[in-house]
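Q: fold the following for me, if possible:
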Amino acid sequence: MRTVFSGEAINFSYNKKKPVLNGLSLSIGDRQIYGLLGPNGAGKSTLTKVMLGLDKPKSGKLQWFNEHPNQSTNKRVGYVPQDLALIYDLSAYENVQFFGKLYNLKGERLEKQVRYALEFVGLWDERKQKPKKFSGGMKRRLNIACGIVHNPDVIILDEPTVGVDPQSRNRILDAILELNQMGTTVVYISHYMEEVEKICSHVGIIDQGQLLCEGKLSDIIEEHTDQAVLKLELHRKSSNYTSQLENYDVLATEGNNVEIGVPKNDVETISRIKEGFGEEVKSFQYISPNLEQVFFKLTKKNLRD
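A: Numbers count the residues shown, from 1 in each chain. Coordinates of the predicted model:
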């Protein structure tokens, strides 16, 4: 598979004492939806700025499309920041038009691309309205339109669904999948693990400025998880079942709920636990190995901490 971005041994720091990126290497393949994950302070924002050429690394090698970053490669990359990059005194159409002009779009092509971007995010009918009248979801969609107006080969999306309602979130995720199906490579940064699992083909997890793992989502889950989770809701508080739980790998207890780690697909162990608790169990849930377990195992942190 052709590589659209590669970074080797990237080092960056805002001061000499503490590196933000510490020898980080990263590779993103053509037409992937690449989920970039990391706890707060891991270096995601700094890495994004370095990838976009907004910050210069102290050392390391970066390439876009097998070239050193240059004016030509810059035009092939789009960026949708977490902080809304909108001009509230302009209409939706004028906002997208403004960003199109930044990429030297002119005349009929500019008009065509502005219409394409607004229709793509479902805002063509609202093109004459100013974004200050928009809902949070509509503003997020307009933000995306501004980032794709020049039809980039790669789009970097930083928390594109933060603060929106479920309907808007689903619409944005569907649009991202459609972009990818049209041939666009997507770099997706999010704190919502379920979104990453839903749309991403590949994942990279970083912490303390280093890449902890990278690869196909299914392969990462298979490689880094060796157990599933049984979630039990009991009739009494979990503290009443201390003797029954002492022989199991108890991952968490809260009130009447208990989470137990079990070997994945181990039917015998699962059956033994169910029979052992019997009528004491109000509800029983089997949670297959997932990305959240991988993330916690590698970082010892929750994604939204």
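Q: for the rest of this, base every contact and every neighbour count on C-alpha atoms.
A: OK.
Q: neighbours of Gln181, how many?
A: A total of 12 residues lie near Gln181 under the criterion other C-alpha atoms under 10 Å.
Q: shouldn't Phe12 be within a helix?
A: No - under the criterion used here (DSSP: H, G, I helix; E, B strand; the rest coil), Phe12 is strand, not part of a helix.
Q: make 53 the first number, not 1, from now on.
A: With the count now opening at 53, the last piece we talked about shows up as Phe64.
Q: measure it to Asn118 for me?
A: The span separating Phe64 from Asn118 equals 22 Å under the rule C-alpha to C-alpha, to the nearest Å.
Q: could you check which of those two is surrounded by more residues?
A: Regarding Phe64 and Asn118, a neighbour count based on other C-alpha under 10 Å identifies Phe64 as having more, with 25 against 13.
Q: specify the beta-bridge partners of that one.
A: In this structure, Phe64 bridges to Leu73 when assessed by DSSP bridges.
Q: which residues touch it?
A: 71-74, 108-111 (C-alpha atoms under 8 Å, 6 or more residues apart in numbering).
Q: redo that, cut-off 7 Å
A: By C-alpha atoms under 7 Å, 6 or more residues apart in numbering, Phe64 lies in contact with 71-74, 109-110.
Q: filter the residues you listed to the buried ones?
A: 71-74, 109 (16 or more other C-alpha atoms under 10 Å).
Q: can I get these in a markdown table including pLDDT and distance to Phe186?
A: Below are the buried ones among the contacts of Phe64 laid out as a markdown table (pLDDT from 0 to 100; distance: C-alpha to C-alpha, whole Å):
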| residue | pLDDT | distance to Phe186 |
| --- | --- | --- |
| Pro71 | 89 | 40 |
| Val72 | 94 | 36 |
| Leu73 | 96 | 37 |
| Asn74 | 94 | 41 |
| Pro109 | 94 | 38 |
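Q: coming back round to it: so can I have a markdown table of the contacts of Phe64 showing distance to Lys180?
A: A markdown table is the format used below for the contacts of Phe64 (distance: C-alpha to C-alpha, whole Å):
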| residue | distance to Lys180 |
| --- | --- |
| Pro71 | 46 |
| Val72 | 43 |
| Leu73 | 43 |
| Asn74 | 46 |
| Pro109 | 41 |
| Lys110 | 45 |
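Q: what is the nearest of these to Ser124?
A: Taking C-alpha to C-alpha as the measure, Ser124 sits nearest to Pro109 out of the contacts of Phe64, at 20.1 Å.
Q: tell me which helix or strand the closest one sits in.
A: When secondary structure is defined by DSSP states H and E, Pro109 falls outside every helix and strand.
Q: does it touch Ile62 like I think?
A: Yes - Pro109 is in contact with Ile62 according to C-alpha atoms under 7 Å; the separation is 6.5 Å.
Q: tell me if Ser77 really is in a strand.
A: Yes - Ser77: assigned to a strand according to three-state DSSP.
Q: which residue ranges form the strands in the stretch 153-302 of the chain?
A: Secondary structure of the stretch 153-302 of the chain (DSSP state E, counting those that start in this stretch): strands at 206-210, 237-241, 254-259, 262-268, 279-286, 301-306.
Q: need the contact partners of the first one.
A: Under the criterion C-alpha under 7 Å, 6+ apart, residues 128-134, 236-242 lie in contact with strand 206-210.
Q: okay, it in PDB with CA atoms only?
A: Coordinates of the C-alpha atoms in strand 206-210 are reproduced here as PDB (Å, rounded to 0.1, in the frame of the first residue of the first chain):
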ATOM      1  CA  VAL A 206      -5.800  13.700   3.000                       C
ATOM      2  CA  ILE A 207      -8.000  15.300   5.600                       C
ATOM      3  CA  ILE A 208      -7.000  15.600   9.300                       C
ATOM      4  CA  LEU A 209     -10.000  15.800  11.600                       C
ATOM      5  CA  ASP A 210      -9.400  16.900  15.200                       C
END
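Q: given that strand, what are its sheet partners and their directions?
A: Paired neighbours of strand 206-210 in the sheet (DSSP bridges): strand 129-132 (parallel), strand 237-241 (parallel).
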